[in-house]
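Structure of the sequence below:
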Amino acid sequence: MLLINQRPEHNQPLVPADAEALGLAGADRAEHYLRARDDHAETPLYALPALANGLGIAALHVKDEGQRLGLGSFKALGGAYAVMRLVLEEAGKRFGREVDICEINDPKLRAIAAQMTFCCATDGNHGRSVAQGAGLVGARSVIYVHAGVSAERVAAIARFGAEIVQVEGGYDQAVREVARVGAERGWKIVSNTSWRGYERIPGLVMQGYTVIVREALRHMAEPPTHVFLQAGVGGFAAALAGYMAILLGEGRPKAVVEPRRSACVYASVEAGRPVTIAPQLSTVMAMLECAEPSLIAWRVLARVGDVFMTVDEDDAVAVMNRLARPLDNDPAIVSGESGGAGLAGLIRAAGDKGMRAALGLDATSRVLVINSEGATDAGRYTELVGAVPRELELQIA
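Below you'll find the predicted structure:
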């Protein structure tokens, strides 16, 4: 359930390429790109004092990425950002100069974008982001979805004009098919996971995610002592943990959370190397259902991930319901099946004396969690949560 990182490289500096991707300059650039978008708005940071009191901690903040860029997920920041970066870089090669995001609607630039095809594999949210980014610049997108992606999530991707390709098997099989076809056809692969020889673009995707913690820290009186981060392939957790390690140094918060049924990062830490876990029962936390960690994410988390833990199916569903029907005057929040996994980890840890001690959770702790997605599959959300307060209904529609 709880694993302390004892790897030799733990607490060592990030390798230069990762430090560059997740450092302050890269985060500045990601925010610069984001602010150029017409639909840009910071997502809310909510304080939940009643829940914090019940958990025996000083403060609890929830950064709500369910309201990000109309896509309902933190992944809106990664894929679309990488697509725009790649288009501007290609234009820069053609023009012989650096091209800024403010030129994104230049007809000459859009003519270049129209000749480019972007592809990726997805559980749902990353594909929407890549498709949206391609649409913003006038490029083509081809999104590979596996059998476990719901019809509602597939339809949401297609609404951005993407071509959809169905793949047998799970997410990891879809990743391999994208790598094969993308290389054959000369498409730009915009993956949120990395493998040997393919790291820069996933690094750009992760760079986009650093915006989340930058926004959160601007609105917190003090940095958090703990952050509970969801991990699928690990890119999200590594991006936020890596950025905070660079910014806060030894004062960085901890830990990383995964579904018990799909804990490839946990298994990798346990084994001391990246491992692919055997297929298991599907998890309700579908956006975190991955059998193989991203190499970049593994490299970062091996250095800055202090504690790793898993949560169960019932934990995730309970958090969805708890956020929809909060205590006292805490705000109500729409959290999708994977969105509340970090909070589920906190609740599980806070209720266990041994885990509290191992994590240093006490009455002075300030905890940040990220609601990584809202109701990106409205039907599934309603099935698990049922009727919700009136103020949440518009977020689910």
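
quick one: stretch 150-170 to chain centroid distance?
19 Å (Cα atoms, centre = their mean, to the nearest Å).

and the end-to-end length of that stretch?
Taking Cα to Cα, to the nearest Å, stretch 150-170 runs 12 Å from one end to the other.

Show me the contact partners of it.
121-125, 127-128, 130-132, 134-135, 140-148, 173-174, 177, 279, 286, 289, 291, 376-380 (Cβ atoms under 8 Å, 6 or more residues apart in numbering). Where C-beta positions appear, they are placed from N, C-alpha and C, glycine not excepted.

From the residues you listed, which land in strands?
121-122, 140-146 (DSSP state E).

Which entries within the contacts of stretch 150-170 meet the buried criterion?
Buried members of these, scored by 16 or more other Cβ atoms under 10 Å, are 121-125, 127-128, 130-132, 134-135, 140-146, 148, 173-174, 177, 286, 289, 291, 376-378, 380.

Who are the contact partners of Val190?
So Val190 contacts 79, 82-83, 86, 118-120, 130, 133, 201, 205 (Cβ under 8 Å, 6+ apart).

Then Ala183?
Taking Cβ under 8 Å, 6+ apart as the test, what Ala183 contacts is Ile189.

now the helices for the stretch 201-350 of the chain?
Listed in chain order, the helices found in the stretch 201-350 of the chain under DSSP state H, counting those that start in this stretch are 235-248, 264-271, 295-304, 313-324, 341-350.

Between those, which one is closest to Leu60.
helix 341-350 (7.6 Å; Cβ to Cβ).

Ala238 against Leu295, yeah?
No - using Cβ atoms under 8 Å as the test, Ala238 is too far from Leu295 to be in contact (10.4 Å).

Which one's more surrounded, those two?
Ala238 (33 against 19; other Cβ atoms under 10 Å).

And Val334, how far from Phe236?
Counting by Cβ to Cβ, to the nearest Å, the gap from Val334 to Phe236 is 19 Å.

ignore the last one, Arg380
20 Å.

Next: Leu22.
Relative to Phe236, and taking Cβ to Cβ, Leu22 is found at 12 Å.

anything in contact with each of those two?
Met206.

quick one on the thing from earlier: any idea which of the helices of the stretch 201-350 of the chain gets closest to Pro44?
helix 313-324 (13.0 Å).

Check which helices and strands the closest one sits against.
helix 341-350, helix 378-385 (3 or more Cβ pairs under 8 Å, 6 or more residues apart in numbering; DSSP states H and E).

what mean pLDDT does it have?
In this model, helix 313-324 carries a mean pLDDT of 94.

same question, stretch 382-389
pLDDT averaged over stretch 382-389 gives 79.

That stretch: which residues count as buried?
384-385, 388.

will you turn those residues into a markdown table that also has distance to Ala113?
Formatted as a markdown table, the buried residues of stretch 382-389 follow (distance: Cβ to Cβ, whole Å):
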| residue | distance to Ala113 |
| --- | --- |
| Leu384 | 39 |
| Val385 | 40 |
| Val388 | 40 |
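
Looking at the residues you listed, which one is closest to Asp38?
Nearest to Asp38 among these, with distances taken as Cβ to Cβ, is Val388, at 29.6 Å.

which ones are touching the closest one?
Here Val388 is in contact with 324-325, 332, 334, 396 (criterion: Cβ under 8 Å, 6+ apart).

Considering those residues, which possesses the most neighbours?
Val334 (28 neighbours).

sorry, back to before: nearest to Gly26, out of the helices of the stretch 201-350 of the chain?
Judging these by Cβ to Cβ, what sits closest to Gly26 is helix 235-248, at 8.7 Å.

Give me the mean pLDDT for the closest one.
pLDDT averaged over helix 235-248 gives 95.

Buried residues, it. List them.
235-247.

Would you map the helices across the stretch 1-150 of the chain?
Under DSSP H, counting those that start in this stretch, the stretch 1-150 of the chain gives helices at 16-22, 24-35, 49-55, 79-95, 107-113, 125-137.

if we compare the ones you listed, which one ends up closest to Arg356?
helix 49-55 (9.7 Å).

same for that closest one, what does it pack against?
strand 59-64, helix 341-350.

Repeat the analysis, applying 10 Å as the threshold.
Where contact means 3 or more Cβ pairs under 10 Å, 6 or more residues apart in numbering; DSSP states H and E, helix 49-55 is packed against strand 59-64, helix 341-350, strand 366-371.

okay, the ones in strands among the contacts of stretch 150-170 in JSON lines with distance to Ala36 and pLDDT next?
What follows is the ones in strands among the contacts of stretch 150-170, written out as JSON lines (distance: Cβ to Cβ, whole Å; pLDDT from 0 to 100):
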{"residue": "Ala121", "distance to Ala36": "27", "pLDDT": "96"}
{"residue": "Thr122", "distance to Ala36": "25", "pLDDT": "95"}
{"residue": "Arg140", "distance to Ala36": "22", "pLDDT": "98"}
{"residue": "Ser141", "distance to Ala36": "20", "pLDDT": "98"}
{"residue": "Val142", "distance to Ala36": "25", "pLDDT": "98"}
{"residue": "Ile143", "distance to Ala36": "24", "pLDDT": "98"}
{"residue": "Tyr144", "distance to Ala36": "29", "pLDDT": "97"}
{"residue": "Val145", "distance to Ala36": "29", "pLDDT": "96"}
{"residue": "His146", "distance to Ala36": "33", "pLDDT": "92"}
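
Many thanks, have a good one.
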